Structure formats: C-alpha cells, structure tokens
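J.: need coordinates for the following:
(4 chains)
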Protein chains: 2
Amino acid sequence: MKDGMTIGDAAKASGVNAKLIRYYESIGLIPEAGRTASGYRVYNDRDVNVLRFVKRARTLGFGIERIQKLVGLWQDRSRCSSEVKRIALQHIDELEAKIAELQAMRDTLHELADACHGDERPDCPILKDLAS
Amino acid sequence: MKDGMTIGDAAKASGVNAKLIRYYESIGLIPEAGRTASGYRVYNDRDVNVLRFVKRARTLGFGIERIQKLVGLWQDRSRCSSEVKRIALQHIDELEAKIAELQAMRDTLHELADACHGDERPDCPILKDLAS
DNA sequence: CCTTGACCTTCCAATCGCTGGAAGCCCCAT
DNA sequence: ATGGGGCTTCCAGCGATTGGAAGGTCAAGG
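T.: Numbers count the residues shown, from 1 in each chain, chains lettered A, B, ... in the order given. Alright, predicted model coming up:
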C-alpha cells in the first residue's frame, strides 16, 4: 500500500481518535474502511479529509445526522449552496434557542445568588425560590 | 390513608410525570415511597413539595447530583446559606462556560452563513470552512 | 358478578455522542 | 521467542429522560 495508514495514523492525522473513527464507521457516518489481509483498517488522505470535516462540523455543534447531509453535499459537486445554508441556518436557530434557555437559567440564578447572603445563617433566597 | 395519593395524583400535583418520579426514586434522588397493600406507591403533600423542588431545580439546569445536595440543605434547618450559594455559583460558572461555547459556534456559523450566497450555485464558504 | 378501561407495577430498550474496558490477534524489534 | 505496542470485536456506562411490553389492581356500569 502506497497511501495506506492504520487507524492510529489516521487518528493522529485527523485529530479524531481511533475509537471514535470506528464508532463513526459503525453508525454509517463514514464508509467502511478497507482492510489489510489480517483485518486492520486502512485509510488514505481522502479518508483523513473526511474525518477532519466531521471533526470541524462537530466543533461547530452539528449533530451526526446533519453532518451526514453536509458530507454528502460536500462531495456532491452539483450541490446548491442554498441547501448547505439552509442546514446552517437551522442549526443556528437551535443554537440560539439553547443559548437563550441557558441564559435564562443563568440570569435567574444570578439574581437569586445576589440576594443570598452566603454566610453561616440558614436563611436563603435560593432555596426559597426552589421551594416555591 | 388521609393524605395519600397515587403516583398519578402526585404527578399532576407536582408537574413531574409518573415515569420520572419512579426514575428519581430508583436513582435515590427521592426516598422510596410508601406502598399500599397491593403495591401501589403512596405520596403525601410533603412528597409533592420535594418533587416540585426537584422540578424547579431541573428547570434551572442543576444536575441530579447537585439537586440531591440542595434537597439535603433545604431540609437541614441548620444549613449555612453560604453552602447553597457556593453550589449556585458553581452552576452559574458552568452555565457561562456552556453559553460561551454555544455562542462561539453560533458566531462562527453566522459569519459563514452570511458569506454564503445560498443560491443554486455550488460554491459555498460553509463547506470550504468545514473542509479546511 | 363480570367486564371494561384506566390506572398501577416491573423490566428492558432507546436516545446522543462518545469513552472505557476486556479479551484476543498482529506486527516489529530485541 | 518474547515483549510491548497497536489492532480487532463486543459490551457497558455516562445523564436525564422517554417509550413500550407484559401483567396486576381498582372502581364503575351492565
């Protein structure tokens, strides 16, 4: 094999660890790797690029299913960028929703914590709120 | 039983559904409920208050383990409010971290989406970024 | 009294995206 | 040939639910 690497090499080259590469294969996110005669998976630079794509997409918070679509579009030279953008905007919406949810939690807690003396006395607005 | 309700009644009264109440019991978040002769769980108003407390704490994003501590403090009349506040502040820190992470994702994606024409052409900065 | 239907019980499985471990094979260097 | 690393598979767990299946119980109506 000229271009072939083991899963460990592909892991180093892509930044996706070997365990996770196998997992991605098992769920069909990436295609089944080729094998040596003794059963070792074999990867090439193209495979590593796919892994890097996946890793970057995960970093941006995309779920596996959406990444599958994105990989498909990436490899489809006749794709419409509108399709990609649609997926991105949908994901942004979900991020916004989650952010708003967490901010609401933080704001409420912040108010409660501000109102709490935080000393040796048992009186506590935080617990009062939770018990209400 | 004067004060006893079934799990369904406790669910309605607390807003925590029956399945979840059983789950909370199974993991030890709430104590084991009493039982009727035929094996039905029995709840009283005090139990419902605990369930409401748990529900409110979940709404604020606290994890189960921390809620366990909060319930303990709530029921400990000699608690220090500082202990409660410490837990709340810790949780706020974690919320902040998560918010920042999601915002970073959103901001990056927002920039990419802005740069993407979103039309029938295949050229797409979003995919370019992911492939980089 | 019997049936019906709504409730209750337990247990098992799936979600999402990993991560860890166990048991066993392969490959290379000493 | 022996050791140690890397590879293989499979199984299990994380957190916090949710769903379903299979079966027991209860109250009301015919």
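J.: check contacts around A:Arg106.
T.: B:92, B:95-96, B:99 (Cβ atoms under 8 Å, 6 or more residues apart in numbering or on different chains). Quick note: C-beta positions are derived from backbone N, CA and C, even for glycine.
J.: what subset of these is buried?
T.: Among the contacts of A:Arg106, those classed as buried by 16 or more other Cβ atoms under 10 Å in any protein chain shown are B:92, B:95, B:99.
J.: next up, phi/psi of the residue positioned nearest the centre of chain A, please.
T.: Among the residues of chain A, the one closest to the centroid is A:Arg58, at 2.7 Å (Cα atoms, centre = their mean). Here is the backbone geometry of A:Arg58 (degrees, to the nearest 10): phi -60, psi -40.
J.: run through chain A and note the low-pLDDT ranges.
T.: For chain A, residues meeting the criterion pLDDT under 70 lie at A:1-2.
J.: kindly recompute the last result at 80.
T.: A:1-3 (pLDDT under 80).
J.: skipping adjacent residues, who's closest to the residue of it found nearest DNA strand D in space?
T.: Per Cβ to the nearest atom of the strand, A:Gly8 is where chain A lies closest to DNA strand D, at 2.4 Å. Leaving out its chain neighbours, the residue that sits closest to A:Gly8 by Cβ to Cβ, 6 or more residues apart in numbering or on different chains is A:Ala18, at 5.6 Å.
J.: count of neighbours near the residue of chain A closest to DNA strand D?
T.: A total of 14 residues lie near A:Gly8 under the criterion other Cβ atoms under 10 Å in any protein chain shown.
J.: A:Arg35 versus that one, what's the distance?
T.: Using Cβ to Cβ, to the nearest Å, A:Gly8 is found at 15 Å from A:Arg35.
J.: again, but for A:Ile7
T.: Distance, A:Ile7 to A:Arg35, by Cβ to Cβ: 11 Å.
J.: which residues of chain A lie near DNA strand C?
T.: With Cβ under 7 Å from any atom of the strand as the criterion, chain A meets DNA strand C at residues A:17, A:19-20, A:23, A:36-40, A:58, A:63-65.
J.: show the buried residues in these.
T.: Buried among those by 16+ other Cβ under 10 Å: A:Leu20.
J.: can I get the residues of chain A next to DNA strand C in a markdown table including secondary structure and distance to A:Arg79?
T.: Compiled in a markdown table, the residues of chain A next to DNA strand C are given as follows (DSSP: H, G, I helix; E, B strand; the rest coil; distance: Cβ to Cβ, whole Å):
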| residue | secondary structure | distance to A:Arg79 |
| --- | --- | --- |
| A:Asn17 | coil | 30 |
| A:Lys19 | helix | 31 |
| A:Leu20 | helix | 26 |
| A:Tyr23 | helix | 27 |
| A:Thr36 | coil | 34 |
| A:Ala37 | coil | 38 |
| A:Ser38 | coil | 39 |
| A:Gly39 | coil | 36 |
| A:Tyr40 | coil | 34 |
| A:Arg58 | helix | 21 |
| A:Gly63 | coil | 20 |
| A:Ile64 | helix | 20 |
| A:Glu65 | helix | 17 |
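J.: just the residues of chain A next to DNA strand C now: which is nearest chain B?
T.: For the residues of chain A next to DNA strand C, the residue nearest chain B by Cβ to the nearest Cβ is A:Arg58; the value is 10.2 Å.
J.: picking that back up, in helices, which of the buried ones among the contacts of A:Arg106 fall?
T.: For those, the ones inside helices are B:92, B:95, B:99, with DSSP state H as the criterion.
J.: residue contacts, the residue nearest to the last one when sequence neighbours are not counted?
T.: Meaning B:Ile99. Of all residues not flanking B:Ile99 in the chain, A:Leu102 sits nearest, at 4.9 Å (Cβ to Cβ, 6+ apart). Contacts for A:Leu102 (Cβ under 8 Å, 6+ apart) come out as B:61, B:95, B:98-99, B:102.
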